[in-house]
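# here are the coordinates; sequence isn't available:
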């Protein structure tokens, strides 16, 4: 590929981006214009991809961490013949187009990840790099000369400032993820002005401190210099690589380049015309120059041939390897009979904390689902999430299935997303439920991308006890349940834990499982036979002619049973409904909801050790929501249960008064 | 103070901590035992504090960022005669005690900040350091020889790993906060085992990259070495200081020191006895040695005298300075007539986005409330949060009132908390509403500590438009509203914006204000006269004999009015209720709630561009909640409003069908 045409191809990105943004009257031209040269050289000469097969398992992954520069990737997808038409570029940021404001995984062919929230792409790229190493080691690919996947990232000042990427970079350096190459678009401009306003640290020295290799490109708007630095970057030295590239934001725009005026709004017709003149651009609007088209068409053919060659080698390798394992990882297979298997493993002979029964069940699930890989943010001994005998993933052992994320909850979440996106893992991550707060941005991105991953959040209520209010979840259930496309399970005891685990493994989107610190009495066989968590709620116990429905989740289900026993002793008749997943229940059809909560019965009580407002969607204005709408306190949990009214007697008193009223 | 008694005093911390934790059968002995020497030397020789007056404005602040080591600070508070009795130490982690599991601001005299969530103390300490510099510069104290406050922090491996502290350290280095001295307890142990499992970066090099001064103490269990490094640390070189101190976790425990076995559980009676023998400890349980008592009693007297001398100098300084300003900052004064003043400033003559009217009102509020100081996470031009003419806070201008936090949302939140805790600022912080996700851990800590600070979250719904789902809040309102002790305002137009700002300034706890990107039609004078945001909801408009109540918040209030106009044209009679603060309304007494939402009227409709479940607490099972229970999309906002059913016609159609049903 000659440098002149490469440069022209980069100019094509610039012009298509500026034109589409101008037409949409919305967008960020500065980033694609500044990064066009790096991106074009990367895609044309280094990135191993196959436009004819965007989900090719052997490909390198491309992460546009600075997702606001979405026209960069849309231009590339168009130019490399991914099937993104020029009409789609013309419909940038319009309803129903394939070119939304930020790149969306699952929406636009060839987009490997949804980005936009700054730092998130970088954070997830580390998860992709982990998954790539792990997949290769699990199946033995690392013992062959077959090329493994690399992860290329384009990030900006925002990515560098976000704490998430600090966690990510520290972890990546520790794990020696030499399959990770991050380009840092060092353009000195942010929205409030010059980066000097808030960001004067020495980024290179910081990354060296993380044990990264740091390369520099003093002019990343020069395709030859970009080519040179990429040639060096792909020669691994055993560490992740940061390329600090000096660019000019809005490169090519004669008056606005280098200013924050071209960051977040269209150039304007005048400046767009001036840019074309400045770049010697003479094409009609939304037109790719012939020479660029020809050059890239040739490259796309080569890429297809390279992918075919890889596939052939891989197929041969599979024959000599553990094909069942490989299939299981690539398909993320979950056995049909998983529920029976997990139920058989559940410890149901005595009271155990659900974190403990979850831990026991995880051992079995891990054996049955090879794709299941995960760990905790330095809390595995407490969250019971280590799998015995599965090894620790480390620089020395890439096949280990226990991940040590360190005390980095947000990066754990982002890495989980990256692992799920890579395509060969069902990741699980874990911390105390209260620290799901740190992970919220990552969990939201998992839900937006409908990624199949599991969160094991333990110590799920004030029953944490002595650690006090900073460690006692109150509103976290509401936070998690309110995320669209998210499932939250809060199992009542060990049988329900097994059911929730099985349902979580069979689902397609993200699932949070809330587990207790304290022991939970197991259901007897009769009760256990009634469990069905898949529709969010089920009838656990009822008296004929019941006058009220008592709903409860998690540790409060036994409490509801015990309170009901008192009331039943007084002649009251009740139905008790276990609600392992409130938001799942709300999503059911009216007939099912009626079968659980008959419209005619408005005497309804909910019990949950958390904030109450969302429960009114079930109990209504005439209902009684027993919960905790204030922060917790530090004391042994039995004392807290007394003080907060979470004893059978206290609940029975409240219900009795309510029914009399 | 002689080294032998100092060492004995440190041993006293160790023993009291181990004894209290043993008695509680719960707690973290390793941290206080390992950090006892550093903490004792700091408190006895360097920290400027006055046990007789724990809120003394001139004091240095102490931040136990590794909050799980709470017995360290409780021991110190007891030893330094803060009034924390030995009985309280014996009641460690018990209901109603002053010694909860993690230190709690506002609960225990002498505790400057609530800590526990790792990294949060460090993050807030940067805010305290900002506030200290700012306060001194605002009043001219920096031009005198009167000693300014310094911030001392004890942090651990967890603090170092959390991304929050990376953001904090980068910001502190940038701002040259040389009043910040952080001790890093480098003990190589975390819960999952050796820090080498997940954390092998070069911390010293990283902090040097942030432009911190890095000092080392190769044995921070040696009081002489600690003394030497602190003597150096307090001689500022114009940068923040990190002291990397090698300690042994659980120092003194002969068998468990240096292992993670002493991190999170009591030593056990046997090991406690062995520890006493090892340290030559012969006192009765829960006893302070005579020599230690005498030495510290003398020191407490000196400290009182030093504080008195400072107060005298400060009083003399105040006489020659702007006393009104100083009083206003120290009392965080808000004028009584703030509402009238802000209403007069509100732009009500044409439609404006609430972010814009908020920006206009902020200018006025800033002039009227000198304590108001804040900024954005690199989004001030979009969130309209810069105050004209107020200057930028920087290393060169400490009096500037506009803060540039950089793209560091979580640290912005933590810093806001620290500024509020310092005691001379009402901080406001700002970003896009969707990125409140990043700030959740900090917002929760603001609520737990009941800190008076304001969050200005703009771009508060799908009306963001082209930026698409990653930038469109859906569930953030539910997340924020579900936090106990939190107030969330979502004003409908410019008058309500002024009301919300006034209410927010008069409140004591944290307040989030949700502002739109898009224009909002102002109420006419009649409607504006009805506004009362202080109880969460008020009647905006009603027809005699109304058959239904329509509730709405923020940008949906005008939509409710417009839909009602259609329905009224058809003869329908309705009451329209504006709900600027849903959770505030839920906290009102039954009589007030009845006055707004009569129990007899069950035909209720809510309209809000966000998730619906929480609204059922108002509309009930027979109500209709119009909202958005899925992620947004990328398109011009008017198109989204059509597609998502947020037009007057679409709403009227739904309400009509609902009323007919």
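Good, I have the coordinates. Just so it is clear, the model here is predicted, and its values are computed rather than measured. Numbers count the residues shown, from 1 in each chain, chains lettered A, B, ... in the order given.
# For chain B, what's the nearest residue on chain A?
Scanning chain A for the residue nearest chain B gives residue A:163, at 2.6 Å (criterion: C-beta to the nearest C-beta). Backbone N, C-alpha and C define where each C-beta goes, glycine included.
# ok, the residue nearest to that residue when sequence neighbours are not counted - contacts?
Spatially, and ignoring its direct neighbours in sequence, residue A:163 is nearest to residue B:163 (2.6 Å; C-beta to C-beta, 6 or more residues apart in numbering or on different chains). If a contact means C-beta atoms under 8 Å, 6 or more residues apart in numbering or on different chains, then residue B:163 has A:162, A:163, A:164, A:165, A:166, A:167, A:408, A:410, A:411, B:119, B:410 as its contacts.
# try residue A:444
When the contact criterion is C-beta under 8 Å, 6+ apart, the partners of residue A:444 are A:483, B:437, B:475.
# Next, please give the residue ranges for the strands of the stretch 351-500 of chain A.
Listed from the start of the chain, the stretch 351-500 of chain A has strands (DSSP state E, counting those that start in this stretch) covering A:352-353, A:372-376, A:402-404, A:426-432, A:454-458, A:487-489.
# what sits against the residue nearest to residue A:545 when sequence neighbours are not counted?
Nearest residue to residue A:545, sequence neighbours excluded (C-beta to C-beta, 6+ apart): residue A:573, at 5.5 Å. The neighbours of residue A:573, taking C-beta under 8 Å, 6+ apart as the test, are A:543, A:544, A:545, A:546, A:547, A:548.
# Read off the pLDDT value for residue A:444.
On the pLDDT scale, residue A:444 is placed at 98.
# Neighbours of residue A:584, how many?
Residues lying near residue A:584 (other C-beta atoms under 10 Å in any protein chain shown) number 22.
# so it makes contact with residue A:536?
Yes - checked against C-beta atoms under 8 Å, the pair residue A:584 and residue A:536 is within contact range at 3.2 Å.
# For the stretch 551-661 of chain A, what lies in contact range of chain B?
For the stretch 551-661 of chain A, the residues found near chain B under the criterion C-beta under 8 Å from any C-beta of the partner chain are A:583, A:586, A:599, A:602, A:611-614, A:616-617, A:620-622, A:629-631, A:633-636, A:639-640, A:643.
# Mind doing that once more with 6 Å?
Proximity of the stretch 551-661 of chain A to chain B, by C-beta under 6 Å from any C-beta of the partner chain, involves residues A:611, A:613, A:614, A:616, A:617, A:620, A:621, A:630, A:631, A:634, A:635, A:639.
# Show me which of those residues are buried.
The neighbour-count test (16 or more other C-beta atoms under 10 Å in any protein chain shown) marks A:611, A:613, A:614, A:616, A:617, A:620, A:621, A:631, A:634, A:635, A:639 as buried among those.
# and the host helix or strand of the fourth one, what does it pack onto?
Right, the one you point to is residue A:616. In this structure, residue A:616 sits in helix A:616-619 according to DSSP states H and E. For helix A:616-619, the contact count by 3 or more C-beta pairs under 6 Å, 6 or more residues apart in numbering or on different chains; DSSP states H and E identifies helix B:616-619 as packing neighbours.
# tell me what the next helix or strand after the helix it packs on is packed against?
Counting by DSSP H and E, the next helix or strand C-terminal to helix B:616-619 is strand B:624-626. Here strand B:624-626 is seen to pack against strand B:604-607 when contacts are counted using 3+ C-beta pairs under 6 Å, 6+ apart.
# what lines up beside the strand it packs on in the sheet?
Each strand pairing with strand B:604-607, determined using DSSP bridges, is listed with its direction: strand B:548-552 (parallel), strand B:624-626 (parallel).
# Give me the residues contacting that strand.
Strand B:604-607 is contacted by residues B:549-552, B:556, B:560, B:615, B:619, B:623-626, B:655 when judged by C-beta atoms under 6 Å, 6 or more residues apart in numbering or on different chains.
# Any figure for the gap between residue A:474 and residue B:507?
In this structure, residue A:474 lies at 20 Å from residue B:507, with C-beta to C-beta, to the nearest Å as the measure.
# With residue A:16 instead?
Using C-beta to C-beta, one obtains 50 Å as the distance from residue A:16 to residue B:507.
# Give me the more crowded residue out of these two.
Shown here are residue A:16 and residue B:507; by other C-beta under 10 Å, residue A:16 has more neighbours (27 against 17).
# mind listing what the more buried one touches?
In this structure, residue A:16 makes contact with residue A:75, judged by C-beta under 6 Å, 6+ apart.
# what helix or strand is it on?
Per DSSP H and E: residue A:16 is located in helix A:3-24.
# Could you check that helix and say which residues are buried?
Neighbour-count burial for helix A:3-24, counted by 16+ other C-beta under 10 Å, picks out A:5-24.
# what's the answer for stretch A:553-562, then?
Neighbour counts using 16+ other C-beta under 10 Å place A:553, A:554, A:555, A:556, A:557, A:558, A:559, A:560, A:561 of stretch A:553-562 among the buried residues.
# For that stretch, which outside residues touch it?
Counting contacts by C-beta under 6 Å, 6+ apart, the residues touching stretch A:553-562 from outside are A:490, A:492, A:516, A:520-521, A:550, A:552, A:576, A:578-579, A:607-608, A:648.
# Most neighbours among those residues, please name it.
Highest count within those by other C-beta under 10 Å belongs to residue A:490, 34 neighbours.
# Cross-check the contact I'm expecting between that one and residue A:515.
No - distance between residue A:490 and residue A:515: 8.4 Å, which falls outside the contact criterion (C-beta atoms under 6 Å).
# Please tell me I have it right and residue A:464 contacts residue A:472.
Yes - the pair residue A:464 and residue A:472 qualifies as a contact (C-beta under 6 Å) at a distance of 4.8 Å.
# Restricted to helices, list the contacts of residue B:163.
For the contacts of residue B:163, the ones inside helices are A:163, A:164, A:165, A:166, A:167, A:410, A:411, B:410, with DSSP state H as the criterion.
# May I have the distance across stretch A:509-520, first residue to last?
28 Å (C-alpha to C-alpha, to the nearest Å).
# model confidence over that stretch, on average?
Per-region confidence: stretch A:509-520 scores 98 on mean pLDDT.
# is it anywhere near chain B?
No - Stretch A:509-520 lies out of reach of chain B by C-beta under 6 Å from any C-beta, never closer than 11.7 Å.
# got a list of what the residue lying closest to residue A:22 once chain neighbours are set aside touches?
For residue A:22, ignoring the flanking residues on the chain, the nearest one in space by C-beta to C-beta, 6+ apart is residue A:266 at 4.6 Å. Contacts for residue A:266 were tallied using C-beta under 6 Å, 6+ apart; they are A:21, A:22, A:25.
# Assign a three-state SS to residue A:266, would you?
Three-state assignment for residue A:266 (DSSP: H, G, I helix; E, B strand; the rest coil): coil.
# For it, give me the pLDDT.
Per-residue pLDDT puts residue A:266 at 97.
# Can you report phi and psi for it?
Residue A:266 adopts backbone torsions of phi -60, psi 160, taken as degrees, to the nearest 10.
# Around chain B, which positions in the stretch 1-150 of chain A sit nearby?
Within the stretch 1-150 of chain A, the residues that sit near chain B (C-beta under 6 Å from any C-beta) are A:26, A:93, A:94, A:95, A:100, A:101, A:102, A:116, A:117, A:118.
# no wait, the stretch 251-400 of chain A
With C-beta under 6 Å from any C-beta as the criterion, the stretch 251-400 of chain A comes near chain B at residues A:378, A:379, A:380.
# Out of the contacts of residue A:573, which end up buried?
Among those, those classed as buried by neighbour count (16+ other C-beta under 10 Å) are A:543, A:546, A:548.
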